[in-house]
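S.K.: sequence plus the predicted model coming up.
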Amino acid sequence: MTFLKGKICKLIAINSIVFSCFVFDSNSQELPENPSVIHGNASFEKVGNNLTIKQSTQKLITNWSSFNIGKANQVEFKQPSSISTALNRVQSNDPTHIYGSLKSNGQLVLINPSGVLFHNGSKVDVGSIIASTLNLKDGDFVNGKYVFQKNGLSGVVNNQGEIKAFEGGTIALIAPQIQNKGKIETTNGTAALISGERVSLSLNGNNLIQYSIERGVLNSLIDNKQAIKVNNGTIILSAKGVKEVKNAVVNNSGTLRADGITKQGGKIFLTARNGKISNSGIIAANSDENKAGSVRVTAEKIEINDNSSIQAIGEKSGGLIEIGGSWQNNNKDVYQATETTISEGVSLDASAYDFGDGGEIVVWSNIHDSNSKTIVKGSLKADGGKIRGNGGRIETSGYSLDINDIKISTKSNIRNDGKWLIDPFNITIGSGSDSNVNGSLTSTGDDAFIDVGTLQTALSSSNVTVQTGGGGSQQGYITVQNSISSSSANDLTLDAHRDIIIDASITRTGSGGLILEPGSGTVNGNGSINLSAGSNISTSSGANVYNDIQLNGSGNIDFGSNTSSTFRGVISGTGNLRKIGTGTVTLRGNNTYTGTTDIQNGTLTINSGSLSDNTAVNVNSTGTFSVQNSHRILSLTGDGNVTISSGRTLSFGSTGNNTFNGIISGSGGLTKLGSGTFTLSNANTYSGNTTISEGEFIVKGTLSNNSDVSVALGSTYTLDNDDTVGSLSGAGTIAVPSGITLTSNAGSSSTFSGNLSGDGSFIKNGSGILTLSGANTITGSTTIRQGWISISADNNLGTAPGTVSSSHLILNGGGLQTTANFSLNSNRGINLGSNNGSISTNSSTTFTYAGNIGGSGNLTKSGNGVLLLTTSNNYSGTTTISSGSLSIDNDDKLGTVPGSPTAGHLILNGGTLLANSTFTLNSNRGINLSNNSNVEVADTVILSYDGIIAGNRDLTKLGLGTFLLSGASSYSGDTKINAGTLQTTGTLADTTDVSVASGAIYDVDATDTIKSLEGAGNVELANGITLTNGDTTTTRVISGVISGSGNLTKAGSGTLTLSGANTYEGITTISAGKLSISADSGLGAAPGSASAGHLTLNGGTLESTADFTLNSNRGIALGASNGIIDVNSSTTLTYGGIMAGSGTLTKEDSGTLTLSGVNTYTGSTTINGGTVSISADSGLGAAPGSATAGHLTLNGGTLHSTADFTLNSNRGIALGTSHGTFNVDGSRTLTYGGIIAGSNNLTKSGDGIL
């Protein structure tokens, strides 16, 4: 096999490669020669002009001495499957020439370092093909690694014929220089022209997944002069030069089409890393039925020349065109150009056909490189669909920018126009030529200038963004020097690195917006911002706008974005302010605009400023009205959120009717003004005061439990739902309809003097006192759960029921306070809940109730006044009287009687139980004294009780009636009988001190022991009983009369003084301590005849404090515990009766005891002081039967003999620790024959003889 060799010309100029000097014989009949299979298996069959290679393995490597196909010849590879691959390496110094036909059903790799040329008329129809002049190692190929790299000479790849790959296939031409003057076509696949010295491909079957140029090449060139068409697929023209030389070139003067037929448009990449791209042809990634695709052109230098076009137009959406960079350089994988030029006749179009939004166009060069520049003079379109769709967006940016003669359109026929981004340097917007700004109107050098005319023209068809970046030597201000006026629907964005200075007016009379983004600075200046109906204003996050804003007309002007901003100037005019966007707009000026305020989205905050009194505020469900300063508005409507800061009040009021369905929160308050009706329909949580100064305030939802409600005279608070509030006050009307319950939850006290009306119910919660002083007409029940309701008349609780209502007043943790004399209507049944109830009556007042008190709770009476219960009650809880009086005439007034004795069923806790009629208190009602308390019994009344009184506090008996106790009481406090009679047929506690006031009576009808007894009242001792006084520490005096037939016993070490003229007839026993008297009557009535043991000394002392004679019929008995008689100094106690018993007698103190009777006591006699005067030996009792030492002890005392007699000698006399004295009267002789012992002195006195 031979063929005519051609001729290849040498390169004649860098970056200007000449391909036209290849010379070949057009009639060549050549076929590939000398195959050598290196890997895999194949057979080679030549029939005529056809060569068939039958590949029987998935991988095949064949070395050829030449691989040429003549014009009429055909080479066909028959491979096992579509993913079978045949590597064909040509080992020749001559290039490969394809004139004829090359076919395969799989993938072919054709490598010839000397060059590969597909001549005019040639046809390649394969599954996939890679044609390269770079080498591929056999081992890499077998292992699926496609790494092509230069090894010595690398020729060009040139296509002038027609190369087609099956659907999904790949066509890759890889060489340092590549030219296409023919047609390259596949569907859903990839066409790649890649120039470099080392190139890697990643394949998945026939699909090219990824590529990389790992090493650039000197004089890298790709030149497309004809058509590359990859429907629904990807086109790649990628060249990489040597970085230092930057000589990679990609030229396109033909057509590149990656249109989407039924799918989304494809992708087209033109890349010349370290080089240049020049396009004079057509580049299209359109889609007639779907979304457009994308075009990316990246290089150091990019030229899009006159009359060329780049399209990404889609039926359902525009596509993406990136030239020199990505949007705002946000995709770092997109290589930034240094120089980008879009010539005057160029068309860049990323529009939508009929439906969908416009796409995105970016024309960019590195904005941070001072050598960078962008020139844009062509037409850039990203329009929305003709039938439906928003406009797209366009950015033109560069360090240096020339946008004179640019034509921009991002319009939408139906929806919103798109935007043009014009990208610190300072920018001034004034009158003059544009300078130092890029196509995105971004500053690219100091003192950039944008002509107002350029900006206004652009606004007519596109949204426009003026932007200062972070480079340069200036701060990045935007200054509006000349007035800007636009009636378009497109947005103007001023995006400054620092401040925006508006020194001339900005007027928007159309629906377009004004977006102010001052970066780290503010918006200020002397110019005003004039907005008309349909326009809008928004800012960047944190922006502060100091300029005044005029809202013109009567339509809506939109404020807001999705960020936060502050407007510090005054907003005036007649227009409506509409807050949109999810961000926060803060108003700090004292605004005067009179239109409505509509918060549709985000938050509108009133900080240190205010809205006008005449603005009606509406808050949408996604909006928030934040009130941080007290001010007044006209009205409030909507279903969004309102927050009121602590200490702040939102006031509103109109003559019309308004409803707010949202939620008002925060800790501030609300004031209703105006004669109209305002309705709240949600669960509000604000905790500040609710002040209803005028009109009607209807709550269909709820207020906060902590909001204090004040209703002024003439205004109305109407509930349409159960609600709980804080306190209630004012003189207006509160309407509680049937089935509705109003709860007051105040911890503080308040007064409501108006009318609580309606057929609903009322509940008092909270610890405070609610005073109801008006003539209320509410007909439902009243429940007091906490604190107090204070009333001075029955109608303060509303209209009384026409018939008995058992739970019309419910006390369940709280109490009713009464402040005047009145009766509660008996039809108002009182129910005591499980949390108990209280009734408090003010001092000097009587609260009368003739109805029934029921329920399971306890009743507590407090207050210093009187609670008078006149009807039987059936509550089952306890009764506590803490202060004042509980007045009853029968036991049933205290509720149901316990079935068995119940301690503490009646608790006296400082108050008074007043019995106003004779009755018996049921013994099962155990009484407990938890504080000093009283029982008062009215005159002529007898209150009987045979239960137990327990506790540790005092009980005082008041009233002229009789309190009869027949039980065994155990309380340990004092018993004070201040009036009337305390009669006991039971017992008091041994530890109670009983005092009987003057005029009062202590009637003891059962033997009892008490701790002490005192007072000026009378004590009555019943026949056969003994009252024992057991005080151990103090001196008690009874100056009243002790009467009756009973006995009196003095026990305990204390002193009991009986100073009255007592008449009791029983015996007196002194078993401990002292019983002090000053007359014989101190010991009661004397017996009519001698009565042995009428006075018993059995461990105690009888003290006499005056000269008197103890009646001789009172026989004295000395018990086993002995007896003591104490005669006070300078007094004489004379006793002529008989002293008997086995005990001893001791004489104390310095007075004189005269014993004249024939005493029979057998114990010894001791005289510790004073004198014992006798007239016979029997005065000292019975003499011992034998000598008894110490039978008479003189221990500082004197034995006085007043007659002649002999002292029995068996009475041994002892001188104690003190001396002893014998006093014998004159002319008298005392004879003693016994023994006087002891160590002390003996003294003889008197004129008689011893």
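M.R.: Received, thanks. Not measured: the values here are computed from a predicted model.
S.K.: where does this protein have its least confident helix or strand?
M.R.: Ranking every helix and strand in the chain by mean pLDDT, DSSP states H and E puts strand 427-430 at the bottom, with a mean of 57.
S.K.: so, low pLDDT: which residues of the stretch 1-150 of the chain?
M.R.: Applying pLDDT under 70 to the stretch 1-150 of the chain flags the ranges 1-29.
S.K.: mind listing the strands for the stretch 1-150 of the chain?
M.R.: In the stretch 1-150 of the chain, the segments counted as strands under DSSP state E, counting those that start in this stretch are 36-39, 42-47, 50-55, 59-64, 74-78, 85-90, 96-98, 101-104, 107-111, 116-118, 123-126, 128-132, 135-136, 146-149.
S.K.: who wins for proximity to Gly359 among those strands?
M.R.: Minimum separation from Gly359 across the strands of the stretch 1-150 of the chain (Cβ to Cβ) falls at strand 128-132, 30.7 Å. The C-beta positions use only the backbone N, C-alpha and C, and glycine is treated the same way.
S.K.: who are the packing partners of the closest one?
M.R.: With contacts taken as 3 or more Cβ pairs under 8 Å, 6 or more residues apart in numbering; DSSP states H and E, strand 128-132 sits against strand 107-111, strand 116-118, strand 162-165, strand 170-174.
S.K.: dump the ones you listed to a markdown table, plus mean neighbour count and distance to Ala248.
M.R.: Listed next are the helices and strands packed on strand 128-132 as a markdown table, based on neighbours: other Cβ atoms under 10 Å; distance: least, Cβ to Cβ, whole Å:
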| stretch | mean neighbour count | distance to Ala248 |
| --- | --- | --- |
| strand 107-111 | 24 | 22 |
| strand 116-118 | 27 | 20 |
| strand 162-165 | 22 | 23 |
| strand 170-174 | 27 | 14 |
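S.K.: buried residues in stretch 717-735?
M.R.: For stretch 717-735, the neighbour count (16 or more other Cβ atoms under 10 Å) marks 717-721, 723-735 as buried.
S.K.: hmm, I was thinking of stretch 1226-1243
M.R.: Neighbour-count burial for stretch 1226-1243, counted by 16+ other Cβ under 10 Å, picks out 1228, 1230, 1232, 1234, 1238.
S.K.: and the gap between the first one and Ser1175?
M.R.: I take that to be Arg1228. Arg1228 sits 9 Å away from Ser1175, going by Cβ to Cβ, to the nearest Å.
S.K.: possible to save the strands of the stretch 1-150 of the chain as JSON lines with distance to Ile1042?
M.R.: Below are the strands of the stretch 1-150 of the chain laid out as JSON lines (distance: least, Cβ to Cβ, whole Å):
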{"stretch": "strand 36-39", "distance to Ile1042": "142"}
{"stretch": "strand 42-47", "distance to Ile1042": "147"}
{"stretch": "strand 50-55", "distance to Ile1042": "144"}
{"stretch": "strand 59-64", "distance to Ile1042": "137"}
{"stretch": "strand 74-78", "distance to Ile1042": "145"}
{"stretch": "strand 85-90", "distance to Ile1042": "137"}
{"stretch": "strand 96-98", "distance to Ile1042": "151"}
{"stretch": "strand 101-104", "distance to Ile1042": "143"}
{"stretch": "strand 107-111", "distance to Ile1042": "137"}
{"stretch": "strand 116-118", "distance to Ile1042": "147"}
{"stretch": "strand 123-126", "distance to Ile1042": "142"}
{"stretch": "strand 128-132", "distance to Ile1042": "136"}
{"stretch": "strand 135-136", "distance to Ile1042": "139"}
{"stretch": "strand 146-149", "distance to Ile1042": "132"}
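S.K.: which of the ones you listed sits closest to Gly553?
M.R.: Per Cβ to Cβ, nearest to Gly553 of the strands of the stretch 1-150 of the chain: strand 128-132, 65.5 Å.
S.K.: got the CA positions of the closest one in CSV?
M.R.: Extracted in CSV, the C-alpha atoms of strand 128-132 (Å, rounded to 0.1, in the frame of the first residue of the first chain):
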residue,chain,number,x,y,z
SER,A,128,-16.5,8.3,19.8
ILE,A,129,-13.1,9.5,18.5
ILE,A,130,-10.1,11.1,20.0
ALA,A,131,-7.5,12.4,17.5
SER,A,132,-4.3,13.7,19.0
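S.K.: partner strands of it and their direction?
M.R.: Here strand 128-132 is paired, per DSSP bridges, with strand 107-111 (parallel), strand 170-174 (parallel).
S.K.: just how off-centre is the first one within its chain?
M.R.: Meaning strand 107-111. With Cα atoms, centre = their mean, to the nearest Å as the basis, strand 107-111 stands 71 Å off its chain's centre.
S.K.: pull the CA atoms of stretch 290-297 into PDB?
M.R.: Taking Å, rounded to 0.1, in the frame of the first residue of the first chain, the C-alpha atoms of stretch 290-297 are listed here in PDB:
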ATOM      1  CA  ASN A 290     -36.700  24.200  27.600                       C
ATOM      2  CA  LYS A 291     -34.300  26.300  29.600                       C
ATOM      3  CA  ALA A 292     -31.300  27.700  27.800                       C
ATOM      4  CA  GLY A 293     -27.800  26.400  28.500                       C
ATOM      5  CA  SER A 294     -24.600  28.200  29.400                       C
ATOM      6  CA  VAL A 295     -21.600  29.800  27.600                       C
ATOM      7  CA  ARG A 296     -18.400  30.500  29.500                       C
ATOM      8  CA  VAL A 297     -15.500  32.400  27.800                       C
END
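S.K.: so the spatially most central residue of the chain bridges to which residues?
M.R.: For the chain, the residue sitting closest to the mean C-alpha position, by Cα atoms, centre = their mean, is Gly666 at 10.9 Å. For Gly666, the beta-bridge partners are Ile644 (DSSP bridges).
S.K.: with just CA atoms, put stretch 918-932 into PDB.
M.R.: What follows is stretch 918-932 as a C-alpha-only set of coordinates in PDB (Å, rounded to 0.1, in the frame of the first residue of the first chain):
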ATOM      1  CA  THR A 918     -78.700  30.200 123.400                       C
ATOM      2  CA  PHE A 919     -77.500  27.000 121.700                       C
ATOM      3  CA  THR A 920     -75.100  24.100 122.100                       C
ATOM      4  CA  LEU A 921     -72.000  24.000 119.900                       C
ATOM      5  CA  ASN A 922     -71.700  20.400 118.600                       C
ATOM      6  CA  SER A 923     -69.000  18.500 120.500                       C
ATOM      7  CA  ASN A 924     -67.600  17.000 117.300                       C
ATOM      8  CA  ARG A 925     -66.400  20.500 116.300                       C
ATOM      9  CA  GLY A 926     -63.000  20.500 118.000                       C
ATOM     10  CA  ILE A 927     -61.900  24.000 118.800                       C
ATOM     11  CA  ASN A 928     -58.300  25.000 118.300                       C
ATOM     12  CA  LEU A 929     -56.800  28.200 119.700                       C
ATOM     13  CA  SER A 930     -54.100  29.100 117.100                       C
ATOM     14  CA  ASN A 931     -53.900  32.600 118.400                       C
ATOM     15  CA  ASN A 932     -55.300  34.500 121.400                       C
END
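S.K.: buried residues of it, list them for me.
M.R.: Burial within stretch 918-932, assessed by neighbour count using 16+ other Cβ under 10 Å, is assigned to 918-919, 921-923, 925-932.
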